[in-house]
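Asks: I'd like to go over a predicted model; first the sequence, then the structure.
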Amino acid sequence: MKKITIKLLCFFCLLSIVIACTSSDTAEITPDPKPDAGELPKDVVSDTSSFEISFFQQTNAVEKQTENVFVSPLSLKVALAMLLNGADGNTAQEIKRTLKHQNLSMLEINALYNNLIANAAKIDEKVQIEIANSVWYSNDFAVEPSFLSVLQNSFQAEATALNFRDKENSKNQINQWVSQKTRNKINKIIDQIQPEEVMFLINAVYFKADWLYNFDPTSTQDQPFTLIDQSRANVKMMQQQASFSYASRNGYRAVVLPYGKGNFNLTILLPNAEKNINEFIKEYTLVEWKALQENMKTQKVNLSLPKFTLEYEKNLNQILQSMGIKEAFGNKANLSKISKTQGLYVTQVKQKTFVQIDEKGTEAAAVTSIGVGTTSFNPNDPIFFVCNSPFVVVLTEKQHNTILFMGKIAKPEVK
């Protein structure tokens, strides 16, 4: 799930794991060596972009077509990678294939995420980013020590046994952790603990950054924004002229707004007036996204971008099943690396987000990736890039070629 307030980007993902009965044994945590966190080949990381784009497309497809969408592929990937360490057999293979990790060993997968989690905060000292993980389990549930150990060492996860019979206190402790890790931007992820639930895997991502080129607040004006149903609403439109990476592609245009030192970026994909935003998202491909990266050119841009605050929440069970993770949600689930004494399955995967974009920067930014190409232009003439109709945002990190957030902005509102 994700939530953010003023200048913060947060994502939160929750997986609930249940059994029919419990055991009285508790797990001892046995440390194992941390995997090599050295940088993995870029093709290993870039291959996962198809997961990120597909996740955004599938979420938009099941959402009301006139509503905003804001998701964090990164947070979901980390949470599913933790679950993968507890899965075996076909259940594990489905998760691997969905994450596009089918050609990697578990050692390579865990090294990939260990590297990302350990080094995210070091990429740009002007950007605040934290990836936090935790596992919470009932103290009368027999967890495999090796499962807890790999989550602690590869994912820096906090592991806590709670008395789930005291549901209110357990729920409050987990939600307090959530609030702390998201700087009070997400205050609750668990509404109640169901009788059959024995474990929660939780990931939180916090992001806060200023634009490399700030907008002047005195230039912000009320301007009309055309909604998907062709009605109009006034928005607070920020404005500035600066040199940005820009591309004009078949059916849309794109511009990149850097944060901090430029290691993190927000890409805005603006479909042409005749192109419906939902059709645009449905048809977008990884090939086009990669072509966009290769065809960006620096250009003077007169940019108009609405200020907005957005909250989003989604149960992802149906979406993940449509993407290929089916077995984990049913009686055939093989999560025997979590516990060998109990039959387990996933009850739900939830995500909640909050994003706020203003003149200073982003404190929750979801961005939708869009493929780009260029047409010929005179670099001395400024391009007008006016976001006065629905657009896609994609928040990315350069070093690991990672998509942190993606979103469809259909109704930009300031709350």
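Replies: That came through, no problem.
Asks: can you give me the helices in the stretch 251-400 of the chain?
Replies: 277-283, 286-295, 317-323 (DSSP state H, counting those that start in this stretch).
Asks: Tell me which residue is most central in the chain.
Replies: residue 72 (1.3 Å; C-alpha atoms, centre = their mean).
Asks: from memory that residue sits against residue 204, does it?
Replies: No: counting by C-beta atoms under 8 Å, residue 72 sits too far from residue 204 to count as a contact (9.8 Å). To be clear about C-beta, it is placed using only N, CA and C from the backbone, and glycine gets the same treatment.
Asks: what's the next secondary structure element after the worst-scoring helix or strand of the chain on mean pLDDT?
Replies: Ranked by mean pLDDT, DSSP states H and E, the weakest helix or strand in the chain is helix 42-46, scoring a mean of 47. Downstream of helix 42-46, the next assigned helix or strand under DSSP states H and E is helix 49-62.
Asks: got the angle between that next one and helix 286-295?
Replies: 120 degrees (axes from the mean of the first three to the mean of the last three C-alpha atoms, to 10 degrees).
Asks: okay, helix 49-62 in CSV with CA atoms only?
Replies: Provided in CSV are the C-alpha atoms of helix 49-62 (Å, rounded to 0.1, in the frame of the first residue of the first chain):
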residue,chain,number,x,y,z
SER,A,49,11.0,-3.8,-16.8
SER,A,50,8.5,-5.9,-18.6
PHE,A,51,7.1,-7.0,-15.2
GLU,A,52,6.9,-3.4,-14.1
ILE,A,53,5.0,-2.2,-17.2
SER,A,54,2.7,-5.2,-17.2
PHE,A,55,1.9,-4.7,-13.5
PHE,A,56,0.9,-1.1,-14.2
GLN,A,57,-1.1,-2.1,-17.3
GLN,A,58,-3.0,-4.9,-15.5
THR,A,59,-3.8,-2.6,-12.6
ASN,A,60,-5.1,0.1,-14.9
ALA,A,61,-7.2,-2.5,-16.8
VAL,A,62,-9.2,-3.5,-13.7
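Asks: So which other helices or strands are in contact with it?
Replies: With contacts defined as 3 or more C-beta pairs under 8 Å, 6 or more residues apart in numbering; DSSP states H and E, the packing partners of helix 49-62 are strand 69-71, helix 73-84, helix 277-283, helix 286-295, helix 317-323, strand 402-409.
Asks: Pull the residues that contact that helix.
Replies: Contacts with helix 49-62, where a contact means C-beta atoms under 8 Å, 6 or more residues apart in numbering, come from 69, 71, 73-74, 76-77, 98-100, 278, 281-282, 284-286, 289-290, 314, 316, 318-319, 322-323, 368-369, 401, 403, 406-408.
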